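# Just need the structure, nothing else, for what follows:
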Amino acid sequence: MKAEFNAIKRLLLSGKKTANRNPTWTRIHEETCCGTLVGRVYQFTDNELHRLRQHAESFTRLDPLHDSTSGGRMDMAEKVSDEKLANDSVFGQLVVVATAGKAQVRVGGELAQIPPGTILSVPFDNLDLDHLHQQKIVIIENGALMPECQHIRLPKGWEDCVFVYRGHRENVRHTQKLIEGHPAEHLGLFFDFDPAGLVMAFAVGKGSIFIPEDGEELSIALESDINNRSAFRRQSREMNRLRDQATETNREYVVDWLETKEIAIMQEHLVRRNLPLVTLNSAS
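Have a look, this model is predicted:
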C-alpha cells in the first residue's frame with residue numbers, strides 16, 4: 001500500500017503522464033484499470049490521473065498531491081489508521097549517543113551521563129541542541145563501535161566528549177543537521193582510516209578528524225593483519241578523490257602517507273589495538 005501511494009504521488013507531482021512498467025505499477029493498473037500499456041510504459045489520460053489520485057486517497061485518507069508519508073509511525077498514527085504507511089523505520093527518528101569522561105547530554109530537560117558500555121537512543125527533537133553545542137561531540141562511522149567508545153584513546157583535550165553514531169538510512173539526516181549546527185571547534189570525526197573514510201571526513205568541511213598517531217605502535221600494527229591492503233587497492237576511485245581534496249593543504253602529507261603505505265584500517269581495529277589518536281583539521 002505504501003509503495004502504491006508513493007508511486008502515484010511521484011507521478012502526479014512530476015507532471016508526467018507516463019510511468020515505467022514495474023510490479024508496483026502493474027498492481028495499480030490491475031486494481032484501477034488506469035493506464036494503457038505501450039511497450040514497457042503505462043500512458044495515462046487526465047481523467048485517469050484524477051482517478052489515481054482518488055484511488056490513493058481512498059485507501060490512505062491522504063492526498064498524494066499535498067500529504068506526505070515522511071516521519072515515523074507515531075507521526076503517521078495522527079493522520080491515518082495505518083501507521084505502517086510511515087516512510088521511516090521504527091528507529092529512523094532516533095539519534096544514538098554515548099558519553100565519555102564528564103560529558104552529559106540534556107534530553108527532555110534532564111541531564112544524562114551514559115555509563116561506559118551503554119548507548120542512549122534519543123528522538124532528535126528531544127535533544128537539547130543548545131546544551132549539546134557546548135559539548136565536544138565525536139561522530140562515529142561504524143555503529144558497532146558505539147558500545148566500545150570507552151576504549152578509544154582519544155586525542156588530548158577530547159577526554160570529555162559526546163559520541164554520536166553517524167547513522168544509517170533515515171537517521172543520517174538527523175546527524176547531518178546536528179553537524180551543520182555544531183561549532184567546528186567542538187566537532188570531532190572518527191571514521192575508518194582508509195581512502196573511503198577520509199573522503200567522508202574531508203567532505204564534512206569542518207571539525208577535527210581523528211587519525212592514528214604515526215609512531216612505533218602504529219608501525220608495528222601496520223605490519224600485522226589489521227592493515228587490509230586488499231581493501232585499500234579496491235578504493236582507487238576514493239584515493240583519486242583524496243588527492244584532489246588534499247592538494248596544497250595541510251592534509252596532503254596524510255594522503256601521501258596513506259597511499260605510500262597502502263593503509264586501510266577499520267575503526268574497530270584501531271580501538272582494539274589501543275592505538276593513540278591525534279587530530280587533523282578537516283577544513284584546510
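# Let me know the helix or strand that Lys177 is in.
Assigned by DSSP states H and E, Lys177 falls within helix 172-181.
# Next, the buried residues of that helix.
His174, Thr175, Leu178, Ile179 (16 or more other CB atoms under 10 Å). Every C-beta, even on glycine, is put in place using the N, C-alpha and C of the backbone.
# Show residues contacting it.
Helix 172-181 has contacts (CB atoms under 8 Å, 6 or more residues apart in numbering) with 93, 95, 124, 127, 129, 132-133, 137, 139, 164-167, 187, 204, 207.
# which residues of the stretch 101-250 of the chain score low on pLDDT?
169-170 (pLDDT under 70).
# how about a cut-off of 90?
Within the stretch 101-250 of the chain, the set of residues satisfying pLDDT under 90 comprises 108-109, 123-125, 142-144, 167-174, 203, 215, 217-226, 244-250.
# which stretches of it form helices?
Under the criterion DSSP state H, counting those that start in this stretch, helices of the stretch 101-250 of the chain are mapped to 129-132, 172-181, 195-204, 216-222, 229-233, 236-246.
# Take those helices and lay them out in a markdown table including distance to Pro115.
Below are the helices of the stretch 101-250 of the chain laid out as a markdown table (distance: least, CB to CB, whole Å):
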| stretch | distance to Pro115 |
| --- | --- |
| helix 129-132 | 19 |
| helix 172-181 | 22 |
| helix 195-204 | 28 |
| helix 216-222 | 28 |
| helix 229-233 | 34 |
| helix 236-246 | 37 |
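# and of those, who's closest to Thr279?
helix 195-204 (11.2 Å; CB to CB).
# Now do the closest one: which elements does it pack against?
The contact analysis (3 or more CB pairs under 8 Å, 6 or more residues apart in numbering; DSSP states H and E) places helix 195-204 against strand 187-190, strand 208-212, helix 236-246, helix 252-261.
# contact partners of that helix?
139, 141, 179, 187, 189, 191, 209, 232, 235, 238-239, 241-242, 245-246, 251, 254-255, 258, 264, 267, 282.
# Then stretch 8-15?
Counting by CB under 8 Å, 6+ apart, Ala19, Ile28, Phe44, Leu49, Leu52, Arg53, His55, Ala56, Pro64, Leu65 sit against stretch 8-15.
# buried stuff in it?
Residues Ile8, Lys9, Leu11, Leu12 are the ones in stretch 8-15 that count as buried (16+ other CB under 10 Å).
# So which of the residues you listed are in helices?
Ile8, Lys9, Leu11, Leu12 (DSSP state H).
# For the closest residue to the first one other than its chain neighbours, give its distance to Arg233.
In this case it means Ile8. Nearest residue to Ile8, sequence neighbours excluded (CB to CB, 6 or more residues apart in numbering): Ala56, at 4.6 Å. Per CB to CB, to the nearest Å, Ala56 is found 49 Å from Arg233.
# Just want to know which of the two has more residues nearby.
Ala56 (26 against 11; other CB atoms under 10 Å).
# name the element that one belongs to?
helix 46-60.
# again, but for Ala98
Short version: Ala98 belongs to strand 94-99, going by DSSP H and E.
# Pairing partners for that strand, with directions?
Applying DSSP bridges to the sheet, strand 94-99 is found paired with strand 120-123 (antiparallel), strand 161-165 (antiparallel).
# Give me the contact list for the shortest one.
Judged by CB under 8 Å, 6+ apart, the contacts made with strand 120-123 from elsewhere in the structure are Phe91, Gln93, Leu94, Val95, Val96, Val97, Ala98, Val105, Val107, Ala112, Ile114.
# In PDB, list the C-alpha atoms belonging to it.
Extracted in PDB, the C-alpha atoms of strand 120-123 (Å, rounded to 0.1, in the frame of the first residue of the first chain):
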ATOM      1  CA  LEU A 120      21.300   6.100  24.500                       C
ATOM      2  CA  SER A 121      18.800   6.300  21.600                       C
ATOM      3  CA  VAL A 122      17.100   9.700  21.600                       C
ATOM      4  CA  PRO A 123      14.400  11.200  19.400                       C
END
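# buried stuff in that strand?
Within strand 120-123, the residues scored as buried using 16+ other CB under 10 Å are Leu120, Val122.
# residues near Arg53, how many?
Residues within reach of Arg53, counting by other CB under 10 Å, total 17.
# and Leu189, what is it in contact with?
Neighbours of Leu189 in contact, by CB under 8 Å, 6+ apart: Val138, Ile139, Ala201, Val204, Gly207, Ser208, Ile209, Phe210, Ser282.
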